[in-house]
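Visitor: Could you work out the structure for the sequence below:
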Amino acid sequence: MILLRVPRASKAILAFFLIFGSSLSEHVLVNAAPRPLGSTTSSRNPQQVRDDHQQQGHGKRTHQCEQTLRRKAWHVLSDTEKQAYIDAELCLMNKPSRTAIEGAKSRFDDLQVIHQLQGNVVHLTGYFLPFHRLLLRAHETLLRTECNYTGTQPYWDEARDAGRFTAAAIFSDRLGFGGNGLPSGTPGAVTWAIGTSPPHSAGCIADGPFAGYVLNIGPGMQNRPHCITRSLSDSASQGVSQGNVDACMGLPTFAQAWPCFERAPHSGGHRGVGGEMYNPYSSPGDPLFYLHHAWLDKLWWQWQLGNLPRRISDVTGRKSLAQPPGEGEMVGLGDWLYMMGVIPDARIGEVMDLRGRRMCVEYDDLN
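Guide: The predicted model follows:
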């Protein structure tokens, strides 16, 4: 069993630990640091981005998409569609990296490291929902353009499985993502220790299409070869309940709704799966990450549709964990989201409307 200990951190960072129940490392990867989110390196200033955003019609279709991708829930996919998605993910795992980022060896790593290196910035900040929306689009794009996948990014309708992750069909070893990790104390088991919080133990997944796969990024910020770990928790998975979702849906502003989505449905999914998914840096190492965040993105879009003309422009929040809530410059439509060369970077204003020319996405039962 491997024990990872983490030094004490600031109150803001520790709050981030406790939401995920996982560790943040103070290790730094050299020659791979992203530009700070929100910095401007383009000739298009924030006002131009806002103007372009206004011209996209405040919820009206712009007919600028050559093709609109329609995402569906995993449980409604046919067996053939499920197998095609799994095969495409395995393809990314076996394709060599095309970035120069230290530690990345595969295209799957290229996506994971985008999240790893920006973990301190894209959680508990106003960047959370827009960043993960664009990261999902990056993942979907690579599946379709590099692995001959003709489907779309599916989502895991987690509220259906709230409180019963251990029995959820998505963890099947056949046409699923494999099951739980091996018990604590067995070879490959990992324990995260954070401050005074109880340690979290997780073991290597033992079955399914991703059993035996070796991750290169993580755990946390420690890049070393390791397996995909899980530690399913029915009690933690109650965070994704329909009641929690409904509570977030009823909030009128982004400033209220975004923290609600991040703290309840979001953390409930990560903690309910455990292991790699429990880690706020390296969680995309579990392929379920993308189905979990596709569900969260669907929830955000559903909330936006509740008052689309206003809510596709409604974004705010602090820009870093070190920034006291409600103080300093807030996240805005002109701020950048960085994809480190995997796909082009985007301004937040370009991803707010899922049906706009940058995203071109819909969800099956919302449009």
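Visitor: Would you check that Ala257 makes contact with Val245?
Guide: No - in this structure, Ala257 is not within contact of Val245 by C-beta atoms under 8 Å, at 11.1 Å. For glycine as for every other residue, the C-beta is placed from the backbone atoms N, C-alpha and C.
Visitor: lowest confidence element among the helices and strands of the chain?
Guide: Using mean pLDDT, DSSP states H and E, strand 2-6 stands out as the lowest-scoring helix or strand of the chain, at a mean of 35.
Visitor: got a pLDDT number for Phe177?
Guide: In this prediction, Phe177 carries a pLDDT score of 98.
Visitor: Could you count how many residues lie near it?
Guide: For Phe177, the neighbour count with other C-beta atoms under 10 Å is 25.
Visitor: can I assume it sits in a strand?
Guide: No - assessed with DSSP: H, G, I helix; E, B strand; the rest coil, Phe177 is coil; it does not lie in a strand.
Visitor: That one: what's it in contact with?
Guide: 86, 170-171, 208-210, 286-288 (C-beta atoms under 8 Å, 6 or more residues apart in numbering).
Visitor: And it, its phi and psi?
Guide: phi -110, psi 20 (degrees, to the nearest 10).
Visitor: What sits closest to it if chain neighbours are left out?
Guide: Leaving aside its sequence neighbours, Phe177 sits nearest to Leu288 (C-beta to C-beta, 6 or more residues apart in numbering; 5.3 Å).
Visitor: so how many other residues sit close to the one you found?
Guide: Neighbour tally, Leu288, other C-beta under 10 Å: 25.
Visitor: residues in contact with it?
Guide: Taking C-beta under 8 Å, 6+ apart, one finds 156, 170, 177, 273, 277 in contact with Leu288.
Visitor: Where does the second one sit: helix, strand or coil?
Guide: Looking back up the chat, that one is Ile170. Relying on three-state DSSP, one would call Ile170 helix.
Visitor: What pLDDT is listed against it?
Guide: At Ile170, pLDDT is 98.
Visitor: which stretches of the stretch 251-367 of the chain form strands?
Guide: 336-337, 346-347, 361-363 (DSSP state E, counting those that start in this stretch).
Visitor: Need the ones you listed in TSV (columns: mean neighbour count, distance to Leu215 and mean pLDDT).
Guide: As requested, the strands of the stretch 251-367 of the chain are exported to TSV (neighbours: other C-beta atoms under 10 Å; distance: least, C-beta to C-beta, whole Å; pLDDT from 0 to 100):
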stretch	mean neighbour count	distance to Leu215	mean pLDDT
strand 336-337	22	24	98
strand 346-347	23	27	98
strand 361-363	22	27	97
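Visitor: Including distance to Pro96, could those go into a markdown table?
Guide: Converted to a markdown table, the strands of the stretch 251-367 of the chain look like this (distance: least, C-beta to C-beta, whole Å):
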| stretch | distance to Pro96 |
| --- | --- |
| strand 336-337 | 25 |
| strand 346-347 | 25 |
| strand 361-363 | 28 |
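Visitor: Quick check: which of those is nearest to Gly181?
Guide: strand 361-363 (30.4 Å; C-beta to C-beta).
Visitor: Off-centre distance for that closest one?
Guide: Distance of strand 361-363 from its chain centroid, counting by C-alpha atoms, centre = their mean, to the nearest Å, is 17 Å.
Visitor: And stretch 109-124, by the same measure?
Guide: So, by C-alpha atoms, centre = their mean, the centroid of stretch 109-124 is 9 Å from its chain's centroid.
Visitor: Rounded mean pLDDT for that stretch, please.
Guide: If you average the pLDDT over stretch 109-124, you get 96.
Visitor: Adjust the sequence numbering to begin at 47 for everything that follows.
Guide: Happy to do that; since the first residue is 47 now, the last one works out to stretch 155-170.
Visitor: elements contacting the helix or strand where Phe154 lies?
Guide: Here Phe154 sits within helix 153-163, counting by DSSP states H and E. When contacts are defined as 3 or more C-beta pairs under 8 Å, 6 or more residues apart in numbering; DSSP states H and E, helix 153-163 sits against helix 125-140, helix 174-192.
Visitor: before we move on, back to that, so which of the contacts of Phe223 is surrounded by the most neighbours?
Guide: Highest neighbour count within those: Asp332, with 27 neighbours (other C-beta under 10 Å).
Visitor: what about that one, distance to Asn353?
Guide: 34 Å (C-beta to C-beta, to the nearest Å).
Visitor: and what of Ala205?
Guide: Relative to Asn353, and taking C-beta to C-beta, Ala205 is found at 22 Å.
Visitor: Confirm that Thr198 sits in a strand.
Guide: No - applying three-state DSSP, one finds Thr198 to be coil, outside a strand.
Visitor: got a list of what it touches?
Guide: Contacts of Thr198 (C-beta under 8 Å, 6+ apart): 115-118, 186, 407.
Visitor: Mind giving me the ChimeraX select for those, buried ones only?
Guide: Applying 16 or more other C-beta atoms under 10 Å to the contacts of Thr198, the buried members can be selected in ChimeraX as follows:
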select :115,117,118,186,407
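Visitor: As JSON lines, the contacts of Thr198 with distance to Glu396 would be great.
Guide: Below are these laid out as JSON lines (distance: C-beta to C-beta, whole Å):
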{"residue": "Leu115", "distance to Glu396": "16"}
{"residue": "Arg116", "distance to Glu396": "20"}
{"residue": "Arg117", "distance to Glu396": "19"}
{"residue": "Lys118", "distance to Glu396": "24"}
{"residue": "Glu186", "distance to Glu396": "16"}
{"residue": "Val407", "distance to Glu396": "13"}
